[in-house]
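# how does the following fold in three dimensions:
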Amino acid sequence: MNLDHLVSAALDEDVGPGDLTTMATVGPDLSGVAQIIAKQRLTLCGHDVAARVFVEVGRRLGDVVLYVPLASDGDRVADRSVVARVDGSLRAILIGERVALNWLMKLSGIATHTASFVAAAGNSQFRIVDTRKTTPLHRALEKHAVRCG
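Numbers count the residues shown, from 1 in each chain. Model prediction:
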C-alpha cells in the first residue's frame, strides 16, 4: 500500500464520517499555527507521513495546511524541542493532529529504540540490523525509522 493510501485509510478510520466537534466549534475561516514539541529526548522520524496527513485533511476540507519540519528525520532532538510547525486552517490542523502525532510518536519510538542499540554497540564488532518483523502495511515506514536510528 502506498503512503497516500495508508494516510487516507488512517484518516478514514480515525475521523470516520467527520470530526463533528471540530466542525461545530471551529469556524471555517479560522487559521492558526501549531507547534509539534518533543516530550522527551528522542531520535526524530515521521515527517513525511505527518506532512501527508495534513495535506490530505486540507484537501478533504478544501483548505491549505503547510507542515514545516524544524528538524530532520534521524536528528537527535532535546526534550521540549519544537520539531515541526503546522500553519493553516484550524479545522484541518485539529482534525489531522491525532493521526499525524500517532505516526510521529510510533516512528520516533522505533528510531529512538534503534539508536539506543546502536549506542550500546558502539565501535564494537557488532552490527545492528533489522528484520522483516514489521506491522502489516507499515513495513516501509518502520524500516525507514530503523535507518533513522
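# do you have the helices of the protein handy? List them.
Under the criterion DSSP state H, helices of the chain are mapped to 3-15, 20-25, 47-61, 90-121, 139-148.
# the ones you listed: which one's closest to residue 67?
helix 47-61 (3.9 Å; CB to CB). Where you see a C-beta, it was placed from the backbone N, CA and C, and this is true even at glycine.
# buried sites along the closest one?
For helix 47-61, burial by neighbour count (16 or more other CB atoms under 10 Å) applies to 47-58, 61.
# do stretch 67-76 as well
Buried residues in stretch 67-76 (16+ other CB under 10 Å): 67, 69, 71, 73, 75.
# reformat those residues as TSV; add pLDDT and distance to residue 30.
Below are the buried residues of stretch 67-76 laid out as TSV (pLDDT from 0 to 100; distance: CB to CB, whole Å):
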residue	pLDDT	distance to residue 30
67	98	18
69	98	24
71	97	28
73	97	30
75	97	32
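# from the residues you listed, which two are the most distant?
Put simply, by CB to CB the two of the buried residues of stretch 67-76 set farthest apart are 67 and 75, 16.1 Å from each other.
# spatially central residue in the protein, please.
residue 104 (3.0 Å; CA atoms, centre = their mean).
# what about residue 107, distance to residue 35?
From residue 107 over to residue 35 the distance is 19 Å, taken as CB to CB, to the nearest Å.
# between the two, which one's more packed in?
Between residue 107 and residue 35, residue 107 has the larger neighbour count (other CB atoms under 10 Å), namely 27 against 10.
# surely that one and residue 146 touch.
No: using CB atoms under 8 Å, residue 107 is not in contact with residue 146, being 9.7 Å away.
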